[in-house]
Structure formats: C-alpha cells, structure tokens
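K.L.:
Predicted structure and sequence below. I'll ask about it afterward.
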Amino acid sequence: MNKNANPLEAIIDFAWASGADLFFVQNAKDELKKLQENKLASPVAWARINKYGDLFDPRLCNNIHVDQNSVVPLYRK
C-alpha cells in the first residue's frame, strides 16, 4: 500500500502492526469505509505526489500512463 496515496489506511495498518486492539482497528476501518462510500463518492481531480510528499501536476482527469502509486485523488467537501 502506498502511504502517500492512502495515508489513513496506512495509519490504521501501522496501528495494527504496533499492537492496537483488534476491535479498535476494525472500527477504524469501518468508519473509513463509511466515509469513503458516503462523503467521498468520486474524486473531482487528481494530482501527483513526489518522493518528498509535495503535490504537483493537478488535473481534472487521471492520466493512466503515469505511475498510479504517485497519483492522489482529490475530493471536494
């Protein structure tokens, strides 16, 4: 998993690897899933991220010809 593209999932996995309670981890995953399904239905733009964590190259469509591990979806609130 790419920690830059999916930071919340990476944090949940880190918590599990660090010995967090299974109920706590599963609850966090369920809440994240609800958030993604309800509030973040579809991205409105995409940007790329470099190895330093800087966002660049914002676009209204996802370019499938670039490394998808460097692509971050952007959502509107």
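P.N.:
Received it, and whenever you're ready, just let me know what you need. Quantities reported herein were computed from a predicted structural model and do not represent experimental measurements.

K.L.:
for the helix ranked longest in the chain, packing partners?
P.N.:
Taking DSSP state H as the criterion, the chain has its longest helix at helix 22-38. Here helix 22-38 touches helix 7-17, going by 3 or more C-beta pairs under 8 Å, 6 or more residues apart in numbering; DSSP states H and E. Any C-beta I mention is one placed from the backbone N, CA and C, and that applies to glycine too.

K.L.:
Can you pull out the low-pLDDT segments for this structure?
P.N.:
1-2, 39-41, 77 (pLDDT under 70).

K.L.:
Which residue ranges make up each domain of it?
P.N.:
1-41, 42-77 (automatic domain parsing).

K.L.:
can you list the ones you listed in a markdown table and add mean neighbour count?
P.N.:
Converted to a markdown table, those look like this (neighbours: other C-beta atoms under 10 Å):
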| stretch | mean neighbour count |
| --- | --- |
| domain 1-41 | 12 |
| domain 42-77 | 12 |
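
K.L.:
Mind telling me what element the nearest residue to residue 50 once chain neighbours are set aside is part of?
P.N.:
Distances taken as C-beta to C-beta, 6 or more residues apart in numbering place residue 56 nearest to residue 50, at 6.5 Å, with adjacent residues excluded. Residue 56 is part of strand 55-59 when elements are defined by DSSP states H and E.

K.L.:
Can I get the very next helix or strand once past that strand in PDB, CA atoms only?
P.N.:
Where DSSP H and E defines the elements, the next helix or strand beyond strand 55-59 is strand 71-74. What follows is strand 71-74, C-alpha atoms only, in PDB (Å, rounded to 0.1, in the frame of the first residue of the first chain):
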ATOM      1  CA  VAL A  71      -1.300   9.700  -8.100                       C
ATOM      2  CA  VAL A  72      -3.500  11.100  -5.300                       C
ATOM      3  CA  PRO A  73      -7.300  11.600  -5.800                       C
ATOM      4  CA  LEU A  74      -8.700  15.000  -4.700                       C
END
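
K.L.:
partners of strand 71-74, with directions?
P.N.:
If you go by DSSP bridges, strand 71-74 pairs up with strand 45-49 (antiparallel).

K.L.:
distance between the partner strand and the chain's centre?
P.N.:
Between the mean C-alpha location of strand 45-49 and the chain-wide mean there is a distance of 12 Å, by C-alpha atoms, centre = their mean, to the nearest Å.
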